[in-house]
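In: Sharing a model prediction with you, sequence too.
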Amino acid sequence: MRKRFAIVNLAVALAVIAAFTVVAGSQVAAKTVHASKTTVTIAGWASTPAEPKDLQKVINNFQKANKNIKVKLVEYNGNTYPTTILSSISAGGGPDIFYVNSDKFLAWQEAGALYPLNSFIKKDKAYNYGDIYKSLRSGFTVKGKIYGIDKDYSTLAMEINTGIWKAAKMGKAPTNWSGFAADACKIRNYEKKHGHKDVYGAGLAPDQARWNPLLQSLGGHVLNKAQNKAEINSKAGVKAISLWASLVKKGCAAYPNAQQGWSGGEFGPGQAAMVWEGPWIIPYLQTTYPKLRYKIYPLPVNGNYLYTVAYSMNPHAKNKAAAWKLLSYLTGKVGEKQWVDLFKVLPARKSISAPAGDGVFLKGAKHAEAYLFRPRYTDPNGPYSILNNDLVKVAKGQMTAKQAVVDVTNAINHWLSTHP
């Protein structure tokens, strides 16, 4: 099972840049759905306000082509989503189709919350499962059983507010951490001088999902490859936490507050000049802040994360044939092309070209590590949460970076002892 942590085949991921094929619709050859109207429920979270709106557009197109199936989209809060979905499935209920994030997949699979899709894929000759990148397919497969199909994948890039950048008379975009930190402080000083106390040079999230590329660029890791040993208690670990939190502690950068919610919430209204986010920020800005002037650059560190989300089927789905028809449409050539064009994420299928402007995110795959964890690592009291909380404590001066790596190491050791 542990071989699947080497999910990213970089050569394959980068090959998307050159991939472009005119696609045609697929016809589902699975079990025929009865003529009477069938309701299929699909559940997910909103990474940005634009996500459910864009997904609904794709679902509307599916319903036009499948008049006998009614689709109900249910949006959950991202923080409570994992617990809510898993508990509902464990109780014999839950949605028919739902998002599964790569960091939760192993735990959900072990819990029996995912239905294997092999029989549907085998019957559906037109679906072309092989068109999905092999490196992505392996991430949701256990011992040959396919428990999820990637809807897209993403990496991180650096977004810069060009209006703020020009006003502060900045030079070229930073290409390393020292340049990034210096630029953040220069912008912050400029903004304070001009009475803009709520504008920071950078928006940094206290989150392993954003901080890890810095650690990776310093040669460090939170865990070893097999994810059975802590590695964060190192010079690289201490330095990465110190650099990240210190930039906030000095006032050059800011963590997003509860109202902002995420780095995009700082960037959109012009409260942070630079952030590290994925392509999901593009439709959010287009929808919420259409007049914002910004450019996208590679991260100023040689590290990145590769994020994948799959659609999975509930073992308790009452009409699995109808559920597969929806799932296969959303992850098939027609539905997925609609999705990536709307939401600007990277396509999981080789035959679909990436949306214009996503080239920086594609190149980010060169340094990407898989955002995939063993069961319970990201639980509310797990190592992931402890690390994120410690990033906040270090920024507030409540803990040193050295104390933080020891604290996270202890949390990892406890996790490993209780979830071997």
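Out: Received it, and whenever you're ready, just let me know what you need. Numbering: from 1, shown residues only.
In: From here on, just use CA atoms for contacts and neighbour counts.
Out: Noted.
In: any idea how far Glu159 is from Arg293?
Out: Here Arg293 is placed at a distance of 10 Å from Glu159 (CA to CA, to the nearest Å).
In: my bad, Ala240
Out: From Ala240 across to Glu159, the span is 21 Å (CA to CA).
In: go on, Leu327?
Out: Going from Leu327 to Glu159 by CA to CA gives 32 Å.
In: So which of these two has more stuff around it?
Out: Glu159 (26 against 23; other CA atoms under 10 Å).
In: quick check, that one in a strand?
Out: Yes - counting by DSSP: H, G, I helix; E, B strand; the rest coil, Glu159 is part of a strand.
In: The closest residue in space to it that isn't next to it in sequence is in what secondary structure piece?
Out: Counting by CA to CA, 6 or more residues apart in numbering, Ile296 is the residue found nearest to Glu159 once chain neighbours are left out, at 4.6 Å. In this structure, Ile296 is located in strand 294-297 according to DSSP states H and E.
In: which residues are in contact with the strand ranked longest in the chain?
Out: In the chain, taking DSSP state E as the definition, the longest strand is strand 304-313. With CA atoms under 8 Å, 6 or more residues apart in numbering as the contact definition, strand 304-313 has outside contacts at 8, 96-102, 114-117, 136, 140, 147-156, 209, 212-213, 216, 320, 323-324, 327, 364-365, 367-371.
In: Over to stretch 227-237?
Out: Counting by CA under 8 Å, 6+ apart, residues outside stretch 227-237 touching it are 215, 218-224, 238, 373-374, 402, 405-406, 408-409, 412-413, 416, 420.
In: Check those for burial and list the buried ones.
Out: Buried residues within the contacts of stretch 227-237, defined by neighbour count using 16 or more other CA atoms under 10 Å: 215, 218, 220-223, 238, 373-374, 402, 405-406, 408-409, 412-413, 416.
In: Pull up the gap between the residue nearest to Gly94 when sequence neighbours are not counted and Met313, please.
Out: In space, and not counting its chain neighbours, Gly94 is closest to Ser88: 4.9 Å by CA to CA, 6+ apart. Using CA to CA, Ser88 is found at 13 Å from Met313.
In: So which of those two has more stuff around it?
Out: Taking other CA under 10 Å, Ser88 and Met313 do not tie; Met313 has more neighbours (25 against 13).
In: Which stretches in the stretch 1-150 of the chain count as strands?
Out: Per DSSP state E, counting those that start in this stretch, the stretch 1-150 of the chain carries strands over the ranges 38-45, 69-76, 97-101, 141-142, 145-146, 149-154.
In: Show me what the fourth one pairs with in its sheet, parallel or antiparallel.
Out: In other words, strand 141-142. Here strand 141-142 is paired, per DSSP bridges, with strand 145-146 (antiparallel).
In: for the first one, same thing?
Out: Based on DSSP bridges, the pairing partners of strand 38-45 within the sheet are strand 69-76 (parallel), strand 97-101 (parallel).
In: any chance of these in TSV, plus distance to Phe180, mean neighbour count and mean pLDDT?
Out: Below are the strands paired with strand 38-45 laid out as TSV (distance: least, CA to CA, whole Å; neighbours: other CA atoms under 10 Å; pLDDT from 0 to 100):
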stretch	distance to Phe180	mean neighbour count	mean pLDDT
strand 69-76	35	17	96
strand 97-101	30	24	96
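In: who's in contact with Tyr99?
Out: Ala43, Gly44, Trp45, Val309, Ala310, Tyr311, Ser312.
In: picking up where we left off before, restricted to helices, list the contacts of stretch 227-237.
Out: Leu215, Val238, Lys402, Val405, Val406, Val408, Thr409, Ile412, Asn413, Leu416 (DSSP state H).
In: Make JSON lines from those and add distance to Ile132 and pLDDT to it.
Out: Output for those, formatted as JSON lines (distance: CA to CA, whole Å; pLDDT from 0 to 100):
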{"residue": "Leu215", "distance to Ile132": "30", "pLDDT": "98"}
{"residue": "Val238", "distance to Ile132": "39", "pLDDT": "98"}
{"residue": "Lys402", "distance to Ile132": "43", "pLDDT": "98"}
{"residue": "Val405", "distance to Ile132": "38", "pLDDT": "98"}
{"residue": "Val406", "distance to Ile132": "40", "pLDDT": "98"}
{"residue": "Val408", "distance to Ile132": "36", "pLDDT": "98"}
{"residue": "Thr409", "distance to Ile132": "37", "pLDDT": "98"}
{"residue": "Ile412", "distance to Ile132": "34", "pLDDT": "98"}
{"residue": "Asn413", "distance to Ile132": "36", "pLDDT": "98"}
{"residue": "Leu416", "distance to Ile132": "33", "pLDDT": "96"}
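In: how close does Pro95 get to Tyr255?
Out: Separation of Pro95 from Tyr255 (CA to CA) stands at 34 Å.
In: Same question for Leu106.
Out: Distance of Leu106 to Tyr255, given as CA to CA: 30 Å.
In: cool, and Asn410?
Out: From Asn410 to Tyr255 the distance is 25 Å (CA to CA).
In: cool, Gly139 as well?
Out: Using CA to CA, one gets 31 Å for the distance from Gly139 to Tyr255.
In: try Gln208
Out: Distance from Gln208 to Tyr255, by CA to CA: 13 Å.
In: Looking at those two, which is more packed in?
Out: Using other CA under 10 Å, the more surrounded residue of Gln208 and Tyr255 is Tyr255, with 24 against 18.
In: Which phi and psi values does the more buried one adopt?
Out: Per-residue torsions, Tyr255: phi -80, psi 150 (degrees, to the nearest 10).
In: Touching, it and Tyr200? I think so.
Out: No - taking contacts as CA atoms under 8 Å, Tyr255 lies outside contact range of Tyr200: 9.9 Å.
In: what sits against the closest residue to Asn189 other than its chain neighbours?
Out: The spatial neighbour of Asn189 that comes closest, neighbours along the chain excluded (CA to CA, 6+ apart), is Cys252 at 7.9 Å. Applying CA under 8 Å, 6+ apart to Cys252 gives the contacts Ala181, Ala184, Cys185, Ile187, Arg188, Asn189, Tyr200, Gly201, Ala202.
In: Thank you, goodbye.
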